[in-house]
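> Fold the following, please.
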Amino acid sequence: MKVQTPWWQHVDNWRVSGLTQAEYCRQHGLHNKTFSTWTRRRRPADCNIPLDIIPVHVCPAEAVSEANTVITLRLQAAVLELSTAVSPRWLAELLQCLA
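You can find the predicted model right below:
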């Protein structure tokens, strides 16, 4: 008989795996939305710190002077670099998902 891994153990294993949530779910036969719910339930203790709101001014793409300008987002140990050519609407949706 195969022993099932508790949901919280899957979350802990995923965090140290270096895999994306989708890759981890695929490898372990887990549903993405269920797993995402588990990760929100099992946030690290330092995630309970209140977040600061940082004002952001979005300029139209024409106002960007350098073609290789990058937007850098840092969330704990994760760093995401995006081209300034991304849609402001898409970026806003991404930030809402990360909140």
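
> mind giving me the domain split of this protein?
Listed by automatic domain parsing, the domain ranges of the chain are 7-47, 50-98.

> Can you show me the helices along the protein?
Counting by DSSP state H, the segments of the chain that form helices are 7-17, 21-28, 32-41, 88-98.

> what's in contact with the last one?
Helix 88-98 is touched from outside by 58, 71, 73, 75, 82, with contacts defined as CB atoms under 8 Å, 6 or more residues apart in numbering. Using the backbone N, CA and C atoms, a C-beta is placed for each residue, glycine as well.

> mind running it again at 7 Å?
Outside helix 88-98, the residues that touch it by CB atoms under 7 Å, 6 or more residues apart in numbering are 58, 75.

> angle of it against helix 32-41?
In terms of direction (axes from the mean of the first three to the mean of the last three CA atoms, to 10 degrees), helix 88-98 departs from helix 32-41 by 60 degrees.

> same question, the shortest one
Using the same axes, to 10 degrees, one finds that helix 21-28 and helix 32-41 are set 110 degrees apart in direction.

> Which strands or helices does helix 21-28 pack on?
helix 7-17, helix 32-41 (3 or more CB pairs under 7 Å, 6 or more residues apart in numbering; DSSP states H and E).
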